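**Student:** please find the sequence and the predicted model below.
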Amino acid sequence: MRTHNFHTSHTLTQQTHNCSRPTVWRFLHRQPQLPESSSTFASSSLFLSLHFLSPRVSQRRFALFTIRDCSIAVVPRYNMAMEVTQVLLNAQSVDGNIRKHAEESLKQFQDQNLPSFLLSLSGELANDEKPVDSRKLAGLILKNALDAKEQHRKFELVQRWLSLDAAVKTQIKTCLLQTLSSPVPDARSTASQVIAKIAGIELPQKQWPELIGSLLSNIHQLPAHVKQATLETLGYLCEEVSPDVVDQDQVNKILTAVVQGMNSSEGNNDVRLAATRALYNALGFAQANFTNDMERDYIMRVVCEATLSPEVKIRQAAFECLVSISSTYYEKLAPYIQDIFNITAKAVREDEEPVALQAIEFWSSICDEEIDILEEYGGDFSGDSDIPCFYFIKQALPALVPMLLETLLKQEEDQDQDEGAWNLAMAGGTCLGLVARTVGDDIVPLVMPFIEENITKPDWRQREAATYAFGSILEGPSPDKLAPIVNVALNFMLSALTKDPNNHVKDTTAWTLGRIFEFLHGSTMETPIITHANCQQIITVLLLSMKDVPNVAEKACGALYFLAQGYEDVGSASPLTPFFQEIVQSLLTVTHRKDAGESRLRTSAYETLNEVVRCSTDETAPMVLQLVPVIMMELHQTLEAQKLSSDEREKQNELQGLLCGCLQVIIQKLGSSEPTKYVFMQYADQIMGLFLRVFACRSATVHEEAMLAIGALAYATGPDFAKYMPEFYKYLEMGLQNFEEYQVCAVTVGVVGDICRALEDKILPYCDGIMTLLLKDLSSNQLHRSVKPPIFSCFGDIALAIGENFEKYLMYAMPMLQSAAELSSHTAGADDEMTEYTNLLRNGILEAYSGIFQGFKNSPKTQLLIPYAPHILQFLDSIYMEKDMDDVVMKTAIGVLGDLADTLGSNAGSLIQQSLSSKDFLNECLSSEDHLIKESAEWAKLAISRAISV
């Protein structure tokens, strides 16, 4: 076969990577990766983190290495390097003492002489005479010395590698490249990953420029295993390195090597598999090549040919490439879509499950793309639309739907018991659901005959498949289209839920009822599905099903959850009110079942109880009050339990979290109206006492739930919450310093805001400590970035609570806000995720400014804010000019403009008049269709006109 070399057409400029919107991945098989830690080290702190501690050991313990090629020796004192093989083997010993001693030795070696340590590991990995186990572990430690999950740690490791002596780094890299020709597959694969990690560090720094060239020269080596290892390395390299780091000429050469390795003419299956997996990672680099018709045709042909390989892993990897192409290059697929349909249909019907799953995933991915496009453009495609919708799903519908319906009959006997189950029937149902969301009403007539034909068949598989098909198409089509069918089906479903002899059918029936209540029940429905006539029957059936086996009971809880949610806005007359007591009692009974730990049953029962309480009416408030001592007693009992095993402790923590969550919802419900709040207050001291005891447990989930519940309690108790602060404050401090479990930190920041609103100036004695911790959090590179926007909002809450007393924090808070504002105002070229984060950050900053201005209003100290006004107006100008703020930011921003004018009065008037875009921004907000933005803008207009006229 004629080979094909990639080169970019001279009419095309080099393009950088610009992947389209992310898709929802469903159990996608990935290249096998080295584990972050070997299972042997489950109990070992060393291999869980590889953040070695620094024992103070004499510097003289290790002497210098002498290096000959990749064989490493030491001029010994304690001869560590000569012993490194044995130490690495001992570190994997089943004997805990031997393992611990070996780990300590490795820690000491690394701390005392890092270059020698890394050289020793690379030498071990490269040495074919060494045992496979010691080589693999050497490579794993080497890899973990270059990379970490936590961003701050990763940054430290990158800097550490870059600061190593160039000769040492060269020697390590030589060893790694040499390992690619090892006859031992594990050693080659490990080296591939380490080379890619180093490339990820060095290529962006313009270091190791010869790497790609030397890898490409390996492609023509005769031993097939060298070619295989090189292709695997190129694949990992493309995963680690950003496409803009590699120039187009090298990209073309990488793609040429990879696609030639995939060719059906390649006789070695290992080479072909490595090439196919490498292409998966290299697709992001192929932007320019996919715009060239000839090159794109060639890539697509080779990928499609690989889907027909005799080797199952190659077929699976090829379909994974098609899935990636479907999202990255959706707009280029039209010429190939018919062929792809034929290939995927054949695979779904005839191939092994791992391959068939990826073939279905291709169509799920196309659905994701088209749903996104239709949502983004609202179906209104003008000539200037960036990505037109090609309606691939609509065109494929007559053939695609029957293919998916066939898969629904391929269930597994035990799929309902296994929470992680994923098989052909589940993938087909998921895809059918996405198809329904993509095409709406058009799917109904294609699916109904299948349902009608199978729903009463004696074979459980047919009944379950029909029910699953029905449940899958309930989101997407219009209520008008579905309501008549659902009205007929509802009685049948309720009967099947209690009377069908098969658990699979009952499980799917309960799930389908939940979907009916989720999508076709609620205040927006013109003709309700659930009426006073059938409500009692529905509740009776669901409560009965909650006594069934755990997986059916869990789905019945889920259906009740959506049933309750649909009555959220009905006001005082909820059809659930007469059944409230019975529903609550049934749910509490479920939580006490011995098998409630299975199929998430206990969690689902508490979540449903919370929703029933949240959506209840004033009429049932006395019954919600009766629930308070019941839940308090349950929480008390979990705190009394002694001498629990680690497994029991974990279950206990989970239960405490659920009970705290339940109390939070009850507190919010009862605290929302004066009469119930007054009665509830009798329990406040006891509840707070329980929450404080919960903090003694070391579980992040429980702390998070307890914090949220305390926030609700602060809101309900108002200024009276001050009496709890002396004891609670230390836990508030702990939460604000919890960098590792950053969700706890984020929730604690939110609770500080709740307490500020509750206590107002009574928070003042605690503000120095709180502000110190918040400023420290903002300065930390260890804290997850998602916590930083709420911290800025919290500044606003504190300023609003303490008013002009915030003066002493201005000199610290304002520079922080200013530098964050500058960072967030220039976002050109940011991806969707970054834009979303930037808007969160902007909103946090603006909420801080708003709180500070409102806090200082009518104070003699307002002049302290005047120096900051020009920068704030400049920030508003720049985010308006960027044109990428969302509605939330727009509302807050126009509010800040009004706050500035309102607080500073005539001092702000002239500044606002000089502002570049205030007038345009105000006019845009005044004409907004969002009534909240319009309302804020009208208030801002009034404040500005007052400031200007003074």
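**Tutor:** Received, thanks.

**Student:** and stretch 735-742, how far from the chain's centre?
**Tutor:** The chain centre lies 19 Å from the centre of stretch 735-742; the measure is CA atoms, centre = their mean, to the nearest Å.

**Student:** and that stretch, what's buried?
**Tutor:** Of the residues in stretch 735-742, those with enough neighbours to count as buried (16 or more other CB atoms under 10 Å) are 735-739, 741-742. Placement of C-beta: from N, CA and C, glycine included.

**Student:** average pLDDT across that stretch?
**Tutor:** Averaging pLDDT along stretch 735-742 gives 89.

**Student:** which residues are contacting that stretch?
**Tutor:** The contact list for stretch 735-742, computed with CB atoms under 8 Å, 6 or more residues apart in numbering, reads 700, 703-704, 707, 744-745, 747-749, 751-752, 770, 773-774, 777, 780, 782-784, 786-787.

**Student:** which of those are buried?
**Tutor:** Using 16+ other CB under 10 Å, the buried members of the contacts of stretch 735-742 are 700, 703-704, 707, 744-745, 747-749, 751-752, 770, 773-774, 777, 783-784, 787.

**Student:** in helices only, show me these.
**Tutor:** 700, 703-704, 707, 744-745, 747-749, 751-752, 770, 773-774, 777 (DSSP state H).

**Student:** just so I have it, where are all the strands in the stretch 51-200 of the chain?
**Tutor:** Assigned strands in the stretch 51-200 of the chain, in chain order: 65-68, 71-74 (criterion: DSSP state E, counting those that start in this stretch).

**Student:** by mean pLDDT, show me the worst of these.
**Tutor:** Of all the strands of the stretch 51-200 of the chain, strand 65-68 has the smallest average pLDDT, which comes to a mean of 38.

**Student:** list the contacts of Gly909.
**Tutor:** The neighbours of Gly909, taking CB under 8 Å, 6+ apart as the test, are 901, 944, 947-950.

**Student:** got it, and Leu474?
**Tutor:** Leu474 makes contact with 436, 482, 486, 512, 515-516, 518-520 under the criterion CB under 8 Å, 6+ apart.

**Student:** restricted to helices, list those.
**Tutor:** Per DSSP H, those map to helices at 436, 482, 486, 512, 515-516, 518-519.

**Student:** now those residues in TSV, with pLDDT and distance to Leu588?
**Tutor:** Below are those laid out as TSV (pLDDT from 0 to 100; distance: CB to CB, whole Å):
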residue	pLDDT	distance to Leu588
Ala436	97	36
Leu482	94	34
Val486	94	31
Thr512	97	26
Arg515	96	26
Ile516	96	26
Glu518	95	24
Phe519	94	28
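
**Student:** format these as CSV; extra columns: distance to Glu554 and neighbour count.
**Tutor:** Below are those laid out as CSV (distance: CB to CB, whole Å; neighbours: other CB atoms under 10 Å):
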residue, distance to Glu554, neighbour count
Ala436, 24, 23
Leu482, 25, 22
Val486, 23, 19
Thr512, 14, 24
Arg515, 15, 20
Ile516, 17, 23
Glu518, 15, 18
Phe519, 20, 18
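
**Student:** just the residues you listed now: which is nearest Asp270?
**Tutor:** Ala436 (41.4 Å; CB to CB).

**Student:** okay but Thr509 is in contact with Leu490, surely?
**Tutor:** No - between Thr509 and Leu490 there is no contact under CB atoms under 8 Å: 11.1 Å.

**Student:** what about the two, which has more around it?
**Tutor:** Thr509 (31 against 18; other CB atoms under 10 Å).

**Student:** identify all contacting residues around the helix or strand harbouring that one.
**Tutor:** Counting by DSSP states H and E, the element that carries Thr509 is helix 503-519. Residues from elsewhere that reach helix 503-519 (CB under 8 Å, 6+ apart): 411, 415-416, 460, 463-464, 467-468, 470-471, 474-475, 479, 486, 490, 493-494, 496-497, 500, 529-530, 542, 545, 548-549, 551-552, 555-556, 558-559, 561-563, 565-566.

**Student:** those residues in helices, which ones?
**Tutor:** The helices, defined by DSSP H, take in 460, 463-464, 467-468, 470-471, 479, 486, 490, 493-494, 496-497, 542, 545, 551-552, 555-556, 558-559, 561-563, 565 from the contacts of helix 503-519.

**Student:** now those: which count as buried?
**Tutor:** Neighbour-count burial (16+ other CB under 10 Å) applied to the ones in helices among the contacts of helix 503-519 gives 463-464, 467-468, 470-471, 479, 486, 490, 493-494, 496-497, 542, 545, 551-552, 555-556, 558-559, 561-563, 565.

**Student:** residues touching the nearest residue in space to Ala257 that is not next to it in sequence, list them.
**Tutor:** Distances taken as CB to CB, 6 or more residues apart in numbering put Ile219 closest to Ala257, at 4.7 Å, once the chain neighbours are dropped. Contacts of Ile219 were listed using CB under 8 Å, 6+ apart, and they are 227, 230-231, 257, 260-261.

**Student:** TSV for these, including secondary structure?
**Tutor:** Below are those laid out as TSV (DSSP: H, G, I helix; E, B strand; the rest coil):
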residue	secondary structure
Lys227	helix
Thr230	helix
Leu231	helix
Ala257	helix
Gln260	helix
Gly261	helix
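
**Student:** so, low pLDDT: which residues of the stretch 101-250 of the chain?
**Tutor:** Within the stretch 101-250 of the chain, the stretches with pLDDT under 70 are 221.

**Student:** tell me which element Tyr280 falls in.
**Tutor:** helix 269-282.

**Student:** which strands and helices sit next to that helix?
**Tutor:** On a contact count with 3 or more CB pairs under 8 Å, 6 or more residues apart in numbering; DSSP states H and E, helix 269-282 meets helix 224-240, helix 248-262, helix 293-306, helix 312-328.

**Student:** same list (these) but as JSON lines, adding mean neighbour count and distance to Ser116.
**Tutor:** JSON lines is the format used below for these (neighbours: other CB atoms under 10 Å; distance: least, CB to CB, whole Å):
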{"stretch": "helix 224-240", "mean neighbour count": "24", "distance to Ser116": "26"}
{"stretch": "helix 248-262", "mean neighbour count": "23", "distance to Ser116": "34"}
{"stretch": "helix 293-306", "mean neighbour count": "19", "distance to Ser116": "45"}
{"stretch": "helix 312-328", "mean neighbour count": "24", "distance to Ser116": "40"}
